[in-house]
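Asks: Need the 3D shape of this:
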Amino acid sequence: MTGQPGVAPAAAGTGEAGTAAAAGVGPAAAGAAAAGAGEAGAAAAAGVGPAAGAAPAGTAPPAAGTAEAAGAAAVVPAAAGVPAVPLESGLSDRLAALDRLVQIGLARSGPDGFSEKLLNDAEQLLAQAGQRLRMSSAHTVVALAGGTGSGKSSLFNRLAGADFSAVGVTRPVTRDPHACVWGVAGSGPLLEWLGVQRRYRYARSSALDRGEDAMAGLILLDLPDHDSVVSGDSGQVDRLVGLADLMVWVLDPQKYADAAVHRRYLVPLAGHAEVIAVVLNQADRLSAAQAEDCITDLRRLLDSEDLNDVQVLVTSALTGGGVDDLRKLLIQTVSARRAASARLSADVDAIVNRLMPYAADPAKSAGKEEEEEEAGAARTVPEDTVNLLVEAFCGAAGVSAVGESLQSARELRALDYVGWPIGWLAERITGHDPARKVRLGKLWEELRSVTAGPSGAQQAEIDNALTAVADQVAVPLPRPWSQTVRSAARSMSKEIPGALGTAMGESLPVETETAGWWRIIGAWQGLLLGCVIVGVAWLGVIVAFGVFHAARHIPSRLFDDVSLLPWIGLMIAAILLLGWLTASGCMNLVRVAAERELQRVDAAMRSRLAMVASEMVVTPIEHELFEYDRFLEDLRVAAGHS
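Replies: The predicted structure is shown next:
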């Protein structure tokens with residue numbers, strides 16, 4: 001039952017078996033001449049040589065299908081005699097969560113961010129998982145790996161029941177991976193993905209091998225020697241070690257502790273114990289005591305490498321000793337139909353463990369994080385921190401100074417309407433009060449200047465406030481989140497001064513705005529001033545006509561009666577006093593109104609500055625905190641804790 005590549009059968013039957021054999025693709029098994037269009041035809045369709053010991057079979061099996069997506073719950077259509085099974089639903093969720101983690105990490109990679117190598121490894125795993133789960137889930141890929149002289153190829157041939165893979169003792173002979181398939185229908189795409197050349201594919205399924213029905217769905221690989229000096233061999237081993245569903249490491253008594261195997265392959269696979277087995281081959285060279293010593297020492301090495309649960313078997317490819325135990329392991333793996341999912345789950349676990357340092361939170365160890373999670377509260381910037389930020393913005397923008405200037409401007413403006421008549425008259429006589437007008441102009445110029453935003457020392461205050469806020473929020477977070485939160489806090493720092501100035505300008509009242517009652521009081525003060533002027537003129541007339549007798553004929557006693565002088569003087573004094581009292585009272589009302597306006601404007605400015613702080617500082621920070629929460633949640637799902 002030994003297959004020989006490139007030999008055409010003596011009398012090929014109909015269908016694809018004859019075509020494959022005539023083309024020299026795959027080994028022609030002994031007895032393949034009678035092969036019809038059954039298993040041999042399926043083998044040819046998969047690019048696999050006729051089955052070892054193939055006998056005429058029945059009708060050709062239906063074509064194998066593929067799962068629609070990674071982790072899909074759909075069942076892959078079964079190959080002939082090979083039951084298909086649904087993929088693990090949890091694995092789909094874990095892979096989806098890992099994909100989201102990669103997207104989060106890619107936006108935060110770099111020297112102080114997520115490791116680019118880690119992200120690349122995760123992307124590679126996702127691509128590999130998607131490809132593997134779209135392949136036949138009815139097949140289990142088991143790889144035999146080992147070094148030169150370990151007996152790996154001999155063990156492969158012993159399990160396959162034919163000398164498919166050439167054997168070398170002192171030099172590497174296996175240059176390319178060989179595959180023996182039990183139940184070939186639907187295995188073609190999977191073998192193409194594994195990169196096994198068609199001439200090294202062998203079928204092991206026929207009516208003569210009913211005793212091996214339990215192994216239906218097994219794809220057994222013989223890998224190149226990992227310690228081969230031939231260029232490219234080690235690369236093939238590395239690639240296939242990452243793709244195989246179950247890894248069987250074949251070691252020999254002389255090199256079972258080889259550091260190259262342990263450091264390069266076994267140690268990195270810690271956590272993959274469910275999909276790893278170690279075989280100590282060539283037991284025929286050892287006595288029972290020596291074999292026991294080797295097993296004990298090998299077990300010690302594996303335990304020290306966190307591979308405590310890895311199964312260790314003892315075999316002899318020469319005598320067949322222990323091969324039945326290995327065959328039982330393969331049957332159990334194939335029958336369970338979950339090696340592919342288990343391998344991918346272990347790979348996801350490895351990536352998740354490497355992502356864990358990016359989720360370490362000191363607050364969690366103190367119990368604060370757990371309380372937040374139990375309450376279902378999202379991370380936000382503390383209210384006290386927001387208030388401190390708003391106060392810092394108000395200080396930098398000069399809210400208090402602006403309020404005082406506005407109050408002074410309002411009082412100076414009110415003097416035009418409700419001021420004391422003497423001062424009002426003096427201003428009208430001189431045309432204007434230069435000092436007051438200049439001061440009023442400067443006040444409004446200062447108020448208008450706030451729309452340009454803070455500068456100089458005020459900008460430094462803003463920077464200090466951003467630093468303080470970022471430090472308070474970022475300190476409990478691990479890298480790179482502490483850095484990304486600080487970056488988020490400063491993401492719009494250049495636009496903040498202008499936004500503060502705009503907010504201040506929108507809060508200021510109109511420069512020429514006056515209260516309606518000011519004009520009424522102004523008219524009243526004008527009337528009083530007119531009365532004073534009339535009174536003074538009356539005094540002058542009486543003095544002129546009553547004292548100095550400037551004219552002989554006076555039309556009325558009101559213009560020359562000297563006795564009226566005291567009363568007219570008293571009336572003028574009373575009017576002046578009334579004007580002063582009116583001015584004083586109204587200015588008090590103006591000050592009260594200005595203080596109320598100051599409170600309204602101050603509240604409006606603080607409200608607008610709070611909006612600036614929220615939009616330009618708090619929102620970016622909370623977005624980053626939301627991403628961190630999402631990272632933690634996806635990490636829990638990817639770890640299988642959802």
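Asks: Surely Met616 is within a helix?
Replies: Yes: using DSSP: H, G, I helix; E, B strand; the rest coil, the assignment for Met616 is a helix.
Asks: you'd agree it is up against Met492?
Replies: Yes: taking contacts as CB atoms under 8 Å, Met616 lies within contact range of Met492: 4.2 Å. No exception for glycine: its C-beta is placed from N, CA and C like everyone else's.
Asks: between these two, which one's more packed in?
Replies: Just comparing Met616 and Met492: by other CB atoms under 10 Å the higher neighbour count belongs to Met616, 20 against 16.
Asks: gap between the spatially most central residue of the chain and Ala96?
Replies: Nearest to the geometric centre of the chain sits Ile104, at 2.0 Å (CA atoms, centre = their mean). Separation of Ile104 from Ala96 (CB to CB, to the nearest Å) stands at 13 Å.
Asks: Listing request: residues of the stretch 51-200 of the chain with sub-threshold pLDDT.
Replies: The model of the stretch 51-200 of the chain has pLDDT under 70 over residues 51-89, 168-174.
Asks: So which residues of it form strands?
Replies: 140-146, 178-181 (DSSP state E, counting those that start in this stretch).
Asks: what pairs with the last one, and is each one parallel or antiparallel?
Replies: For strand 178-181, the pairing partners within the sheet under DSSP bridges are strand 201-203 (parallel), strand 218-222 (antiparallel).
Asks: Of all those strands, which one is nearest Leu266?
Replies: Within those, the stretch nearest Leu266 is strand 218-222; the backing value is 17.9 Å (CB to CB).
Asks: Next secondary structure element downstream of the closest one?
Replies: Downstream of strand 218-222, the first helix or strand assigned by DSSP states H and E is helix 233-243.
Asks: can you give me the helices in the stretch 451-600 of the chain?
Replies: When secondary structure is read from DSSP state H, counting those that start in this stretch, the stretch 451-600 of the chain shows helices at 457-474, 481-489, 496-507, 516-542, 565-613.
Asks: Mind giving me the packing neighbours of the helix or strand just after the longest one?
Replies: Which is helix 565-613. Note on helix 565-613: by DSSP H and E, the next helix or strand toward the C-terminus is helix 619-638. Using 3 or more CB pairs under 8 Å, 6 or more residues apart in numbering; DSSP states H and E, the elements in contact with helix 619-638 are helix 89-106, helix 339-355, helix 457-474, helix 481-489.
Asks: what's the angle between helix 619-638 and helix 457-474?
Replies: Interaxial angle, helix 619-638 versus helix 457-474 (axes from the mean of the first three to the mean of the last three CA atoms, to 10 degrees): 20 degrees.
Asks: ok, and for helix 619-638, which residues are buried?
Replies: If you call a residue buried by 16 or more other CB atoms under 10 Å, then helix 619-638 has these buried ones: 620-622, 624-625, 627-628, 631-632, 634-635, 637-638.
Asks: Now tabulate those residues in a markdown table and tack on pLDDT and distance to Asp176.
Replies: Listed next are these as a markdown table, based on pLDDT from 0 to 100; distance: CB to CB, whole Å:
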| residue | pLDDT | distance to Asp176 |
| --- | --- | --- |
| Pro620 | 93 | 55 |
| Ile621 | 92 | 56 |
| Glu622 | 91 | 56 |
| Glu624 | 91 | 50 |
| Leu625 | 91 | 53 |
| Glu627 | 92 | 46 |
| Tyr628 | 92 | 48 |
| Phe631 | 93 | 43 |
| Leu632 | 92 | 45 |
| Asp634 | 92 | 40 |
| Leu635 | 93 | 40 |
| Val637 | 92 | 40 |
| Ala638 | 91 | 36 |
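Asks: Looking at those residues, which is nearest Ile276?
Replies: Relative to Ile276, the closest of these is Ala638; by CB to CB it sits at 21.6 Å.
Asks: give me every residue that touches that closest one.
Replies: Listed by CB atoms under 8 Å, 6 or more residues apart in numbering, the contact set of Ala638 reads 94, 97-98, 101, 348, 351-352, 355.
Asks: Going by distance to Leu415, which of those residues wins?
Replies: So of the contacts of Ala638, ranked by how close each gets to Leu415 (CB to CB), first place is Leu101, at 68.7 Å.
Asks: In this structure the closest one contacts Leu355, no?
Replies: Yes: counting by CB under 8 Å, Leu101 touches Leu355, with 6.3 Å between them.
Asks: what is in contact with these two at once?
Replies: 122, 635, 638.
Asks: give me the number of residues near the residue nearest to the last one when sequence neighbours are not counted?
Replies: When you say that, I think you mean Ala638. Nearest residue to Ala638, sequence neighbours excluded (CB to CB, 6 or more residues apart in numbering): Ala97, at 4.1 Å. Ala97: 21 surrounding residues under other CB under 10 Å.
Asks: swap in Glu461?
Replies: Residues lying near Glu461 (other CB under 10 Å) number 16.
Asks: Checking the residue lying closest to it once chain neighbours are set aside next. Helix, strand or coil?
Replies: Leaving aside its sequence neighbours, Glu461 sits nearest to Ala396 (CB to CB, 6+ apart; 4.1 Å). On the three-state scheme (three-state DSSP), Ala396 is labelled helix.
Asks: Fine, thanks again, bye for now.
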